[in-house]
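Asks: I need the structure of the sequence given here:
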Amino acid sequence: MSDEDDHTIMADPDGTESTAPVAEAAAEAEDTAPSALPVTVPVSAPASTPITPSRMAAVSAMLKQRRRLDRPWWLAGVSVIALLTLGGVALAGGPLRSLGFAGLMSVPATATAAPVTTLQVPTAWPTPAPTPSLPTNATRNLAMGCGDGPPAPIAYRTPISWNAPAGTHSVPEVALTFDDGPTPYSTPDILSYLEKTHTPATFFVLGQYVHIWPYLLQREWNDGFALGVHTWDHPMLTRVPDSAMPHQLGDTIAAMHAAIGADACTWLFRPPYGDYSQHVGTFVMGQYGLTVIGWDIDSLDYTRPGPQAIANNVLSRVHPGSIVLMHDGPALREQTLAALPMILDGLRARGLKPVTLPQLMADEGFPGVSLTASYPDRTRHRPDV
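Replies: Numbers count the residues shown, from 1 in each chain. Here you go, the predicted model:
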């Protein structure tokens, strides 16, 4: 290559020809271009080619174009192209096709359209099975021994047991009773087990807990368990002044009626700790018409001796007509819950059947108890058992 081929051809303002080294042209380009992207513009022209103003204008335009490309403005053009490409696919067949972007928007012939899922709507929806209605209080009262109204209260006797005539404990039945609830800490688990095993039972409830958690009393009542009064907050009644009796007894009965209905028959009463006197009886029987029900087998579950010991305390002394004392509150009674399977197995092995207190009292000839309906086993209709 000759020395002439290493020159960039320039023009003086007067139009005469001049030449400058390539290095000088590159330096000038570097002064006007970004420092990160130096620009060299080699232009070769045969020596015999005439230099005209039009050729010089073309060279100048080329340099300006290179400078423009070195700037980041070209990103805007790329972004526009990308948006048109993506938007054209979504709007295929729309206005962009008429603008000449049909090629960008066309879908390859080999593409497979996504399947369309069609909801099959039946011509007639199936009719859901009706929810079994809850028994009315009139029906529940029959199972509570109130077929002819609440039984007339009977004077308290010792020892603390139910007051049927002596020597009449002959039917192979046992009443399981639970005191000091209902609370959400243990009552629901005990109820669930009794419901799953279809085991009747009786609950003596405290008014303060009924007031706070009425839904638990409603569950007990609607599922066929028998209910009894156990005062408002478990005091020793022989130490309570007469002025507190309306609260301990009347407010508890009112809380029960507020939860399960004013026409619910509530006639059973168990004094806390078995603490009772003739003077207390004037309120319990005379003013509130309650019959006192004690127990003859204490499981001692409140001492927390363990599930096996609780079961042994019951089964070692159980007999036909027994009333078993256990607790579903207020503390945690997981040991009582764990003892129930062993107790039920032991009763079954001895040929004894668990029943509610009203059922046991009616079958044993307790005076005034008229039981014209049996324990309504609602547990078979519960969705959670």
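
Asks: distance of the nearest residue to Ala152 once chain neighbours are set aside from Gly289?
Replies: Spatial nearest neighbour of Ala152, chain neighbours left out: Gly368 (5.0 Å); criterion: C-beta to C-beta, 6 or more residues apart in numbering. C-beta here means a position set from N, CA and C on the backbone, and glycine is covered the same way. Distance check for Gly368 against Gly289: by C-beta to C-beta, to the nearest Å, it reads 11 Å.

Asks: follow-up on the earlier one: and the residue nearest to Ala152, what is it in contact with?
Replies: 151-152, 154 (C-beta atoms under 8 Å, 6 or more residues apart in numbering).

Asks: just the strands in the stretch 101-250 of the chain please.
Replies: Ranges of strands in the stretch 101-250 of the chain, per DSSP state E, counting those that start in this stretch, are 173-181, 202-205, 226-229.

Asks: tell me which strands the first one pairs with, and in which orientation.
Replies: The strands that strand 173-181 pairs with in its sheet are strand 202-205 (parallel), strand 323-327 (parallel), strand 353-355 (parallel) (by DSSP bridges).

Asks: looking at these, which is buried most?
Replies: Greatest average neighbour count among those goes to strand 202-205 (a mean of 27), per mean count of other C-beta atoms under 10 Å.

Asks: quick one: low-confidence ranges for the stretch 51-200 of the chain?
Replies: 51-53, 55-56, 58-60, 62-133, 155-169 (pLDDT under 70).

Asks: from what I can see Tyr302 touches Gly329, true?
Replies: No. Applying C-beta atoms under 8 Å as the test, Tyr302 and Gly329 come out as separate, 10.4 Å apart.

Asks: who has more neighbours, the two?
Replies: Gly329 (25 against 17; other C-beta atoms under 10 Å).

Asks: can I take it that the more buried one is in a helix?
Replies: No. Using DSSP: H, G, I helix; E, B strand; the rest coil, the assignment for Gly329 is coil, not a helix.

Asks: leaving out sequence neighbours, find the closest residue to it.
Replies: In space, Gly329 is closest to Gly181, 3.6 Å off (C-beta to C-beta, 6+ apart).

Asks: tell me the bridge partners for that neighbour.
Replies: Beta bridges link Gly181 to Val205, judged by DSSP bridges.

Asks: closest to Leu191 out of the strands paired with strand 173-181?
Replies: Across the strands paired with strand 173-181, Leu191 has its closest neighbour in strand 202-205 (8.9 Å, C-beta to C-beta).

Asks: still on that earlier bit, just name the most buried of the strands of the stretch 101-250 of the chain.
Replies: Buried most deeply of the strands of the stretch 101-250 of the chain, by mean count of other C-beta under 10 Å, is strand 202-205, with a mean of 27.

Asks: contact partners of stretch 188-202?
Replies: 175-178, 216, 219-220, 223-228, 268, 328, 333-334, 336-337, 340-341, 344, 354-359, 375, 377, 379-380, 382, 384-385.

Asks: repeat that for 7 Å
Replies: Here stretch 188-202 makes contact (C-beta atoms under 7 Å, 6 or more residues apart in numbering) with 175-178, 219-220, 223-226, 228, 328, 333, 336-337, 340, 344, 354-357, 359, 375, 377, 379, 382, 385.

Asks: same check on stretch 242-260?
Replies: Contacts for stretch 242-260 (C-beta under 7 Å, 6+ apart): 205, 207, 210-211, 214, 217-218, 221, 227, 229, 231-232, 235, 240, 264, 266, 283-284, 288.

Asks: test my guess that Pro320 contacts Asp296.
Replies: No. With contacts counted by C-beta atoms under 7 Å, Pro320 stays clear of Asp296, the gap being 11.5 Å.

Asks: in stretch 184-193, which residues are buried?
Replies: Neighbour-count burial for stretch 184-193, counted by 16 or more other C-beta atoms under 10 Å, picks out 186-193.

Asks: now that stretch - C-alpha only, CSV.
Replies: Extracted C-alpha coordinates of stretch 184-193, given in CSV (Å, rounded to 0.1, in the frame of the first residue of the first chain):
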residue,chain,number,x,y,z
PRO,A,184,-63.3,-24.6,76.5
TYR,A,185,-60.2,-26.1,78.1
SER,A,186,-61.5,-29.7,78.7
THR,A,187,-65.3,-29.8,78.1
PRO,A,188,-65.1,-30.0,74.2
ASP,A,189,-62.7,-32.9,74.3
ILE,A,190,-64.8,-34.8,76.8
LEU,A,191,-68.0,-34.1,74.9
SER,A,192,-66.4,-35.2,71.6
TYR,A,193,-65.4,-38.6,73.2
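
Asks: redo the strands paired with strand 173-181 as TSV? Include mean pLDDT and distance to Ile310.
Replies: Output for the strands paired with strand 173-181, formatted as TSV (pLDDT from 0 to 100; distance: least, C-beta to C-beta, whole Å):
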stretch	mean pLDDT	distance to Ile310
strand 202-205	98	18
strand 323-327	96	8
strand 353-355	96	16
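
Asks: related to what we said a few turns ago, which ones are touching the residue nearest to Gly329?
Replies: 187, 203, 205, 209, 328-329.

Asks: distance to Asp363 added to those residues, as a markdown table?
Replies: Listed next are the contacts of Gly181 as a markdown table, based on distance: C-beta to C-beta, whole Å:
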| residue | distance to Asp363 |
| --- | --- |
| Thr187 | 27 |
| Phe203 | 20 |
| Val205 | 24 |
| Tyr209 | 30 |
| Asp328 | 24 |
| Gly329 | 28 |
